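A.B. asks: Quick one, structure for this:
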Amino acid sequence: MGVDYVPDPLDAVAWSYQMQRHFNGSEWVEGPSPDPAKHPAYRSAALAMAEDVGAIARDAHPQPMALVWGHNSAPAVMPGPRHCLPGERRWSSLVPGALRQLWEDEPAGPLCPYHRTLSFSDVEQLDESALAAQVSGKYLFVGAQVRGYNDFAQSPVHGRIAGVHMHAMALDNFLTYGNDYKQSAEWSMPPPRGLLLPGLAAVAAVFIVHLGWNLARARLRRRWQGTARWQQRWSALALSLEEPSTLRQRLAWCALAVLGWICAITLKAIAAMALISLLQHFSRIGMLPVVELVGMTLVAEGLGYLAHLRWLLLGPDNASPQSTGDRE
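C.D. replies: Okay, the predicted model is just below:
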């Protein structure tokens with residue numbers, strides 16, 4: 001195959017795909033060789049097939065690929081029960097799995113691979129003409145799924161799958177995007193230019209929703225405080241930290257505060273993810289580092305640091321009482 005599978009250090013998922021590597025005399029190094037005559041580079045399976053058969057330009061792939069995994073499943077070759085579940089395109093698939101578990105049951109089994117798969121038992125059952133119809137005019141990878149062989153990769157969609165599916169997914173990315181495939185990048189100092197602008201835009205989206213939420217909350221508070229009828233009806237929520245209160249009032253106020261916090265975080269996450277999806281469509285850089293940055297921004301929001309940033313940029317908020325319960 002020419003390259004090794006390098007899982008992500010945080011979640012062990014195959015988010016990136018090595019293009020080539022070379023031996024510099026002491027160790028294997030990722031990337032093209034500076035001296036091909038002395039230390040030739042070994043291409044990955046997907047890169048070799050894309051360049052040799054898929055009419056992809058040669059010597060234009062120094063950066064690792066940011067893998068874009070497909071969610072749909074290929075139809076079964078042979079009729080009968082399958083050991084996996086068919087995948088389907090759903091909007092809920094855009095939601096991180098940790099949140100999706102709150103309303104979705106855990107699947108009864110792994111999702112079937114994105115690409116059509118022929119096992120050796122299928123090949124044995126097919127006659128020559130039927131086999132030719134399955135493989136003719138198609139790119140063909142041959143791999144093994146054997147216990148103890150340890151040729152597996154962790155897909156963010158399908159879970160633990162045979163490593164050959166990762167190579168097939170990388171070739172699919174080549175055939176879909178051509179030489180404009182999504183490039184893998186990581187945060188460094190100074191930050192890469194391709195990540196800096198999307199990262200700042202995503203953080204700005206979260207901050208704009210933060211400002212809009214606080215503005216709407218301040219207006220609702222002023223309107224509610226000016227309506228005596230609503231204050232009498234919802235007196236349990238008319239809590240002042242300087243006045244005595246009952247346990248019921250404090251519980252009602254805390255429940256309302258938690259609900260508002262959840263709504264605010266949800267709106268900020270939706271705004272950031274919508275922007276990231278748009279950037280993913282037009283940018284060549286994989287958006288995983290930007291997603292990580294947005295996650296850290298939302299954590300900072302939960303800890304109240306965006307309120308300090310608002311104070312630094314816009315000054316004190318005079319529209320609402322400066323009490324401990326009003327700060328975020």
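
A.B. asks: Only C-alpha atoms from now on, for both contacts and neighbour counts.
C.D. replies: Fine.

A.B. asks: Quick one: the strands in this protein, in order.
C.D. replies: Assigned by DSSP state E, the strands in the chain fall at 16-17, 20-23, 28-30, 41-43, 65-66, 152-155, 159-162.

A.B. asks: The longest helix along the chain - what's its average pLDDT?
C.D. replies: Criterion DSSP state H: the longest helix present in the chain is helix 247-282. Model confidence over helix 247-282, given as mean pLDDT, is 78.

A.B. asks: Tell me where the model's unsure across this protein.
C.D. replies: Along the chain, segments meeting pLDDT under 70 span 1-3, 59-61, 78-82, 87-109, 224-246, 302-312, 315-328.

A.B. asks: now with 90?
C.D. replies: The chain contains residues with pLDDT under 90 at 1-16, 18-45, 48, 50-138, 142-163, 176-328.

A.B. asks: one step back: ok, which of the strands of the chain comes nearest residue 196?
C.D. replies: strand 65-66 (16.8 Å; CA to CA).

A.B. asks: that older thread, right, and the strands of the chain - which one's nearest residue 124?
C.D. replies: Using CA to CA, the strands of the chain put strand 159-162 closest to residue 124, at 20.3 Å.

A.B. asks: sorry, back to before: switch the strands of the chain over to JSON lines; also include mean neighbour count and distance to residue 112.
C.D. replies: Below are those laid out as JSON lines (neighbours: other CA atoms under 10 Å; distance: least, CA to CA, whole Å):
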{"stretch": "strand 16-17", "mean neighbour count": "24", "distance to residue 112": "21"}
{"stretch": "strand 20-23", "mean neighbour count": "21", "distance to residue 112": "28"}
{"stretch": "strand 28-30", "mean neighbour count": "15", "distance to residue 112": "31"}
{"stretch": "strand 41-43", "mean neighbour count": "21", "distance to residue 112": "28"}
{"stretch": "strand 65-66", "mean neighbour count": "23", "distance to residue 112": "22"}
{"stretch": "strand 152-155", "mean neighbour count": "20", "distance to residue 112": "11"}
{"stretch": "strand 159-162", "mean neighbour count": "17", "distance to residue 112": "9"}
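
A.B. asks: Which among the ones you listed is found nearest to residue 215?
C.D. replies: The closest of the strands of the chain to residue 215 is strand 65-66. By CA to CA, the value is 38.5 Å.

A.B. asks: Please state the offset of the closest one from the chain centre?
C.D. replies: With CA atoms, centre = their mean, to the nearest Å as the basis, strand 65-66 stands 13 Å off its chain's centre.

A.B. asks: And for stretch 56-66?
C.D. replies: The answer for stretch 56-66 is 22 Å, by CA atoms, centre = their mean.

A.B. asks: what comes into contact with it?
C.D. replies: Contacts to stretch 56-66, defined as CA atoms under 8 Å, 6 or more residues apart in numbering, come from residues 15-19, 31-32, 50-51, 170, 174, 178-179, 181-185, 285-286.

A.B. asks: do the same with stretch 17-28
C.D. replies: If you take CA under 8 Å, 6+ apart as the criterion, stretch 17-28 is touched by 2-6, 29-33, 39-44, 47, 61-67, 170.

A.B. asks: Is it possible to mark the buried ones in those residues?
C.D. replies: Burial by neighbour count, 16 or more other CA atoms under 10 Å: within the contacts of stretch 17-28 this picks out 3, 5, 30-33, 41-44, 47, 61, 63-67, 170.

A.B. asks: Identify those among the contacts of stretch 56-66 that sit within helices.
C.D. replies: Members of these lying in helices (criterion: DSSP H): 50-51, 170, 174.

A.B. asks: Among those, which one has the most neighbours?
C.D. replies: residue 170 (26 neighbours; other CA atoms under 10 Å).

A.B. asks: quick one: it and residue 288, what's the gap?
C.D. replies: Computed with CA to CA, to the nearest Å, the distance linking residue 170 and residue 288 is 16 Å.

A.B. asks: And for residue 15, the neighbour number?
C.D. replies: Around residue 15 there are 21 residues (other CA under 10 Å).

A.B. asks: dump the residue contacts of it.
C.D. replies: Residue 15 is in contact with 7-8, 66-68, 155-156, counting by CA under 8 Å, 6+ apart.

A.B. asks: May I see these arranged in TSV, with distance to residue 218 as well?
C.D. replies: Compiled in TSV, those are given as follows (distance: CA to CA, whole Å):
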residue	distance to residue 218
7	46
8	43
66	43
67	44
68	42
155	45
156	41
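
A.B. asks: For residue 180, the count of nearby residues, please.
C.D. replies: Residues contacting residue 180 under the criterion other CA under 10 Å number 14.

A.B. asks: roughly how far apart are the residue lying closest to it once chain neighbours are set aside and residue 186?
C.D. replies: Excluding its sequence neighbours, the residue lying closest to residue 180 (CA to CA, 6 or more residues apart in numbering) is residue 284, at 6.4 Å. To residue 186, residue 284 is 14 Å away according to CA to CA.

A.B. asks: In terms of packing, which of those two has more residues around it?
C.D. replies: Legend: neighbour count by other CA under 10 Å for residue 284 and residue 186, higher for residue 284 (18 against 13).
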